[in-house]
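S.K.: Below are the sequence and a predicted model for it; my questions follow.
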Amino acid sequence: MKILRIAVCLFLLSHQTKGQNTIGIPQIINFNKNDFKAGTQTWDIDQDSRGRMYFANNEGLLTYDGTFWKLHPLPNKTIMRSIAIDGKGVIYAGGQGEMGYFVPNERGFLKYVSLTPLLPAKERSFADVWDIEIIGESVFFRASDRMIMELRNKAISLHPPISGWQFMKKMGNNLYAQDQKNGLYVYSNNSWRPAINNQLLAGSTISGMIQTSKESSLILTYDRKSLTIRRDTISYNSGFKLPATDINFFKVTEINKGEFVAATTAEGCLIMKNDGKFVQKISRKEGLQNNNVISVFLDKDKNLWAGLNNGISFIAYNSAIKYITPNKENEAAGFSAKIFNNKLFIGSSDGCYSAELLPQNKDLSFLRSNFSLVGNSSGQVWRLEEVNQHLLMGHNNGCFDIIGNQAKLISRDAGWTFLPTSPVPPAQNILTGTYSGLKMLTFNNGQFSDKGNMEGLYESLRFLTTDSEGNTWASHPYRGIYKISISADGKKYNTRLFTEKDGLPSKLDNHVFKIKNRVIFGTSAGAYEFDAQNNRFIPSIFLQPVLGNTEVRYMNEDGQGNIWFCSGKKIGMVDFGVGNPKPIYFSEITGQILSGFENIYAFDKSNIFIGSEKGVIHLNYEKYKSNKPTLNMMLGNVRAIGKTDSTIFGGYFNDGSVKETTNKIIPSVGLASNFDAFHFEYSSPGFGIQKNIEYSYRLEGYEKNWSGWSNKTEKDYTNLPAGSYVFHVKAHDNLGNESEEINYNFKIQSPWYKSIWAYLFYLVIIAFGIRKYSAWQKKKLLRQKSIYEKKQRQMSIEHQLAIEQNEKEIIRLKNEKLEAEIMLKTKELADTSMQLVERSDALSKVKDELQKLYKNTNENHDIKKTIHLLNDIEKNSASWEKFAVHFDEINNNFLKNLKSHFPKLTNTDLKVCAYLQLNLASKEIAQLMNITVRGVEISRYRLRKKLGLNTEQSIAEFLDRYKEDKT
């Protein structure tokens, strides 16, 4: 009978384990070998004081700081099976035939120190080190083939088994180890003593131990035994209910004082209470990469890490965010949620689902229940709304009333939303937004009926609300805002459309909501309200200061007066319970909501349901606020870049104690001048909140101000001049928690040509150069002076020549002027001479006529007197004297010069010379001299005699000589 009861219990538990899981599944982040660039299997997991994770991997020690993975192989390149970190930050590691530890060197890189050389030579060949435990100053390594090795004070002592050590685990201050044949031993006072009742473990191998109290621990075995050890005494644990027979625990880890997680090889991770009751299952169905889990670890934030047979998974077990998928076989989108009559209803893209609620679950995500499809609800469920203590469902196929677990059809017109026309329940009329306008439902005798479509605008109206004046408002995402006036009989309605002409930022993306008894319009430029006095839309008086110009696509007010909203693909909340309300964004779920069909149902502070692309997201806001993880800042890598790259910091501090603190100033590093570019990698190991963490940095010595906050985890600087620098970086999360900053000091050395010796050399060179330059300058000045003086002399000569040339030019011009005047005078003189000739001709003719007349008049005395008078006129020399003066003036005293050289010349001779100079012909000279042409020839002959000219000489050329002044 007892066996039957146990079998029944196991059967029920098996079905319970497989059939009923918690409805909320934590976020699972999967990492495969392509992510961490290492082996497929992870055998052990640990975490240091600053939050960095360590994994014993097939290819060595794998580290992860939340952003960057690094691999540190063992010297013999074997599989690493176990790791343990002591209080100083020393990382002990064990592999195949190798054991040792990792510590940072002076540049922050992990270096491996092997402990194998400390073993006796004959003991240095051993199998895999599966377990490492640290107790006090001792570190124990368990090798699978034969021995436990204890490191203490830099020496190793051996603890050989009787038949072979199979298991080792620290529980409290005690160390337990199982011998293959003789059972469990307890290490105390440097010796091993067997536990009492070891026969209960005969033929069994321990898979894990969980401390259940200060003096007792739970023992689980691979062959499904459940035992308790209390004060070194083993006994059966009759109160522990093992799960189904096909589940094999590979490793177990305590979650809290009442629960533990078991890694299984076929069912993923099982979370159970210490009495064996099933709590939650996390397997491939829930999001793990596979169900073969070979290691499991609870980190400082109470989240789980699972080392899989192929990959690593992070399970945000302690996160306030869970995922509810009502249909595991079909991950349908979740449009709406509502708690009604002690049931959770979820409207999805493939129907409405319901699950029974249990009163003991404050956080409904931990509810262990199964969802069932509400009858007659298959299809798109847009809206679930409680009206008159009934649950109405807006469906693609119509409007329904959900009674029990069955949907009853009210109207075949697809329903978007339901709006009671009276704020006091029960409302008799319910305004319904449909695909084709408005419909009125009536409620009588506890039942809803279709009153028919209302006559009016034929348009899809999904958002409806009423203001304090009784006006109905509707929004259309592509048209604008409608103000609706309903007739008294409720059969027709009129609308007025408002667009950007009426104050809206745009006619697109407008939505209407009822918030704090005010009608709020969500727009692309923030929250707006309607100013009835001016008949225009204006920014909301109380929300604009909080939200600013943030796009608002959805809004809902919870029971505490807080406002939940959607902006783009982000979920936000304004907590009015704090002194200075400001929006909080939940970055973990950004991009997971349904754009265009946003829905947030705030049941209470612990249960917020958010429609998403896959089911519904559950947010425990109360827990979210209370979870205040300590943000530790890590500088993971610093690389200096010059002609070649050089990693100058590996991410670990080495201050003598090895242990890392939260805020460190890394000692200054001096670098050659050719390194002028730097790459910094930093992170904060908030593994469940990575999307909420942002960073700010500043390079002291180059930047004065901190950068803006961003999720960027790398920073590059280029072309830095020589000098001392300090790189500062810090982190904060979406709740305003801020880490301490971390600093890295480095100095770029000046190039050799900027050193002190170089500057001294430059000074010497400059002094020498100045001296040489001064001497050269003096020589140059002397040379320039000589050249200047030479040029001055040359210029003086040229100036003198120019003056003389100018004088000559002036003389030439004067001569030309004089010649012109002479020519003019000569012409005048010639003209005068011609006039004299003409006058002489005229007088001669008059004389001839008078002589004829004298003869004809018998020698008239008066005529004779007139003839004598004409003779006197001809002989008058007054005109000659005047002529001689003018002639000398224009011919440089020609006549005077000639007379002075030839005093024997008479006036007649001078006249002949003057007339010859005027180029007058003999006939013209004869007329002027009142002689015959023969007389002129005789006068010329006589003149040649006086001048001493022979016959070959030209008298004219001879006379030309006397045009110039011969004195």
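M.R.: On my side now, so go ahead.

S.K.: where does the protein have its least confident helix or strand?
M.R.: Of the helices and strands making up the chain, the lowest-confidence element is helix 2-19, at a mean of 39, by mean pLDDT, DSSP states H and E.

S.K.: Of all the residues in stretch 512-521, which ones are buried?
M.R.: By 16 or more other C-beta atoms under 10 Å, the buried positions in stretch 512-521 come out as 512, 513, 514, 515, 518, 519, 520, 521. (C-beta placed from N, C-alpha, C; glycine too.)

S.K.: Please work out which residues outside that stretch touch it.
M.R.: With contact meaning C-beta atoms under 8 Å, 6 or more residues apart in numbering, stretch 512-521 is reached by 463-468, 473-475, 481, 504, 510-511, 522, 527-530, 537, 540, 542-543, 554-557, 561, 563.

S.K.: Pull out the buried members of the residues you listed.
M.R.: Buried residues within the contacts of stretch 512-521, counting neighbours by 16+ other C-beta under 10 Å: 463-467, 473-475, 481, 504, 510-511, 522, 527-530, 537, 540, 543, 554-557, 563.

S.K.: from those, which ones fall inside helices?
M.R.: Under the assignment DSSP state H, these contribute nothing to helices.

S.K.: Without its sequence neighbours, what residue ends up closest to residue 620?
M.R.: Nearest residue to residue 620 in three dimensions, chain neighbours excluded: residue 320, at 4.3 Å (C-beta to C-beta, 6 or more residues apart in numbering).

S.K.: What about that neighbour, how many residues nearby?
M.R.: Neighbour count of residue 320, defined by other C-beta atoms under 10 Å: 23.

S.K.: Please report phi then psi for it.
M.R.: Dihedral pair for residue 320: phi -80, psi 0, per degrees, to the nearest 10.

S.K.: While we're on it, how confident is the model there?
M.R.: pLDDT for residue 320: 92.

S.K.: Equivalent analysis for the one 10 residues further on, please.
M.R.: The pLDDT attached to residue 330 in the predicted structure is 85.

S.K.: same question, residue 958
M.R.: Looking at residue 958, its pLDDT stands at 81.

S.K.: again with residue 847
M.R.: pLDDT, residue 847: 73.

S.K.: Which helix or which strand is home to it?
M.R.: helix 756-856 (DSSP states H and E).

S.K.: now the helices for this structure?
M.R.: Taking DSSP H as the test, the helices found in the chain are 2-19, 33-36, 544-547, 621-626, 756-856, 861-875, 878-890, 894-901, 907-917, 922-929, 933-947, 955-960.

S.K.: which residue packs closest to residue 218, ignoring adjacent ones?
M.R.: Computed as C-beta to C-beta, 6+ apart, the closest residue to residue 218 that is not its neighbour in sequence is residue 210, at 4.3 Å.

S.K.: list the contacts for the one you found?
M.R.: Neighbours of residue 210 in contact, by C-beta under 8 Å, 6+ apart: 217, 218, 220, 252, 254, 260, 274.

S.K.: Dump those residues into a markdown table; add pLDDT, distance to residue 740 and neighbour count as well.
M.R.: Shown next, in a markdown table, are the contacts of residue 210 (pLDDT from 0 to 100; distance: C-beta to C-beta, whole Å; neighbours: other C-beta atoms under 10 Å):
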| residue | pLDDT | distance to residue 740 | neighbour count |
| --- | --- | --- | --- |
| 217 | 92 | 38 | 20 |
| 218 | 92 | 40 | 23 |
| 220 | 91 | 42 | 24 |
| 252 | 91 | 36 | 23 |
| 254 | 92 | 30 | 19 |
| 260 | 93 | 34 | 26 |
| 274 | 87 | 38 | 19 |
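
S.K.: wait, what's in contact with the residue nearest to residue 624 when sequence neighbours are not counted?
M.R.: Excluding the flanking residues, the one nearest residue 624 by C-beta to C-beta, 6+ apart is residue 320, at 3.8 Å. Counting by C-beta under 8 Å, 6+ apart, residue 320 touches 619, 620, 621, 623, 624, 627.

S.K.: ok, now which ones touch the first one?
M.R.: Just to be clear, that refers to residue 619. By C-beta under 8 Å, 6+ apart, residue 619 lies in contact with 320, 321, 586, 589, 608, 609, 610.

S.K.: run the last query once more with 7 Å
M.R.: Residue 619 makes contact with 320, 321, 586, 608, 610, according to C-beta atoms under 7 Å, 6 or more residues apart in numbering.

S.K.: bridging residues for it?
M.R.: Beta bridges link residue 619 to residue 321, residue 608, judged by DSSP bridges.

S.K.: For it, give me the pLDDT.
M.R.: For residue 619, pLDDT reads 96.

S.K.: which stretches of the stretch 451-600 of the chain have low pLDDT?
M.R.: Within the stretch 451-600 of the chain, not a single segment meets pLDDT under 70.

S.K.: So which residues of it form strands?
M.R.: 463-466, 472-476, 480-486, 493-498, 511-515, 518-523, 526-531, 536-539, 554-557, 563-567, 570-574, 583-585, 600-604 (DSSP state E, counting those that start in this stretch).

S.K.: Looking at those, which is nearest to residue 926?
M.R.: Of all the strands of the stretch 451-600 of the chain, strand 536-539 sits nearest to residue 926, with 129.3 Å by C-beta to C-beta.

S.K.: That closest one pairs with which strands?
M.R.: Strand 536-539 has the following strand partners under DSSP bridges: strand 526-531 (antiparallel).

S.K.: which residues are in contact with the strand it pairs with?
M.R.: Contacts to strand 526-531, defined as C-beta under 7 Å, 6+ apart, come from residues 504, 518-521, 537-541, 543-544, 547-550, 552.

S.K.: what do you get for stretch 105-123?
M.R.: Identification of contacts with stretch 105-123 by C-beta under 7 Å, 6+ apart yields 72, 74-75, 98-104, 124, 151, 155-156, 158, 648-654.

S.K.: and those residues, which are buried?
M.R.: Among the contacts of stretch 105-123, those classed as buried by 16+ other C-beta under 10 Å are 72, 74, 98-104, 151, 156, 648-654.

S.K.: can you pull the buried residues of stretch 135-154?
M.R.: 139, 140, 141, 142, 143, 144, 147, 148, 149, 150, 151.

S.K.: Show me what the closest residue to the first one other than its chain neighbours is bridged to.
M.R.: Spelled out, it's residue 139. Nearest residue to residue 139, sequence neighbours excluded (C-beta to C-beta, 6+ apart): residue 151, at 4.3 Å. Beta-bridge pairing for residue 151 (DSSP bridges): residue 139, residue 156.

S.K.: if I look at residue 151, how far off is residue 144?
M.R.: To residue 144, residue 151 is 18 Å away according to C-beta to C-beta, to the nearest Å.

S.K.: Check residue 71 too.
M.R.: 24 Å.

S.K.: for residue 916, same thing?
M.R.: On the measure of C-beta to C-beta, residue 916 and residue 144 end up 156 Å apart.

S.K.: and what of residue 727?
M.R.: 46 Å.

S.K.: Next: residue 779.
M.R.: Distance of residue 779 to residue 144, computed by C-beta to C-beta: 93 Å.

S.K.: can you check residue 418 too?
M.R.: From residue 418 across to residue 144, the span is 67 Å (C-beta to C-beta).

S.K.: Ok, residue 767 next?
M.R.: From residue 767 over to residue 144 the distance is 78 Å, taken as C-beta to C-beta.

S.K.: What of residue 545?
M.R.: Taking C-beta to C-beta as the measure, residue 545 and residue 144 are separated by 66 Å.

S.K.: again, but for residue 305
M.R.: Remark: distance between residue 305 and residue 144 (C-beta to C-beta) = 24 Å.

S.K.: Over to residue 126?
M.R.: From residue 126 to residue 144 the distance is 8 Å (C-beta to C-beta).
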